[in-house]
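1. using only what follows, build the 3D model:
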Amino acid sequence: MRTPAGKDCKYYYQDFHRGRDVQECRLVKDNQDSLRWHPKDCAICPVPDILYANSSPYLELKLTIRNRFLGFGRNLKLEASCIRHKITIENPIVGCPQCAENRPALDLFRKALEQMDDAND
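-> The predicted structure is shown next:
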């Protein structure tokens with residue numbers, strides 16, 4: 001669904017049908033450690049970009065919203081992990097390095113690149 005910031009995110013939900021007024025981020029709603037979500041948080045949220053770049057079914061995200069120093073502004077902290085290999089992912093846009101090693105299509109792509117490099121040398 002399209003967020004108030006104009007990006008598609010599977011965790012964002014809105015319902016304005018027949019007088020309803022529901023807007024929520026289900027990623028933040030499930031996190032008890034987070035502050036309450038506001039629609040303006042979508043403008044600085046990295047989740048839609050990560051979901052666009054990485055479609056791994058094993059990617060698990062946890063978004064926590066906290067106040068900044070002295071309560072001025074809001075800080076979004078994102079934690080990513082791979083539920084298949086049970087590891088923390090440092091760069092969620094790239095994804096799990098162990099999952100990437102297990103993809104045969106990526107191996108073919110790497111071999112083709114190596115052959116191109118060898119041919120150019």
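
2. tell me how many other residues crowd Asp30.
-> Applying other CB atoms under 10 Å, we find 11 residues neighbouring Asp30. In this view, the C-beta of every residue, glycine as well, is placed from N, C-alpha and C.

3. again, but for Pro104
-> A count of nearby residues for Pro104, using other CB under 10 Å, gives 7.

4. need the residues that contact the longest helix along the chain.
-> Using DSSP state H, we find that the single longest helix of the chain is helix 104-120. Applying CB atoms under 8 Å, 6 or more residues apart in numbering, the external contacts of helix 104-120 come out as Ala100.

5. hey, C-alpha coordinates of it in PDB?
-> What follows is helix 104-120, C-alpha atoms only, in PDB (Å, rounded to 0.1, in the frame of the first residue of the first chain):
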ATOM      1  CA  PRO A 104      22.700 -20.600  -8.100                       C
ATOM      2  CA  ALA A 105      21.700 -17.700 -10.400                       C
ATOM      3  CA  LEU A 106      24.100 -15.400  -8.600                       C
ATOM      4  CA  ASP A 107      26.900 -17.900  -9.100                       C
ATOM      5  CA  LEU A 108      26.200 -18.000 -12.800                       C
ATOM      6  CA  PHE A 109      26.200 -14.200 -12.800                       C
ATOM      7  CA  ARG A 110      29.500 -14.100 -10.900                       C
ATOM      8  CA  LYS A 111      31.100 -16.600 -13.300                       C
ATOM      9  CA  ALA A 112      29.900 -14.500 -16.300                       C
ATOM     10  CA  LEU A 113      31.500 -11.400 -14.800                       C
ATOM     11  CA  GLU A 114      34.700 -13.200 -14.100                       C
ATOM     12  CA  GLN A 115      34.800 -14.500 -17.700                       C
ATOM     13  CA  MET A 116      34.300 -10.900 -19.000                       C
ATOM     14  CA  ASP A 117      37.100  -9.600 -16.700                       C
ATOM     15  CA  ASP A 118      39.400 -12.400 -17.900                       C
ATOM     16  CA  ALA A 119      38.600 -11.600 -21.600                       C
ATOM     17  CA  ASN A 120      39.300  -7.900 -21.000                       C
END
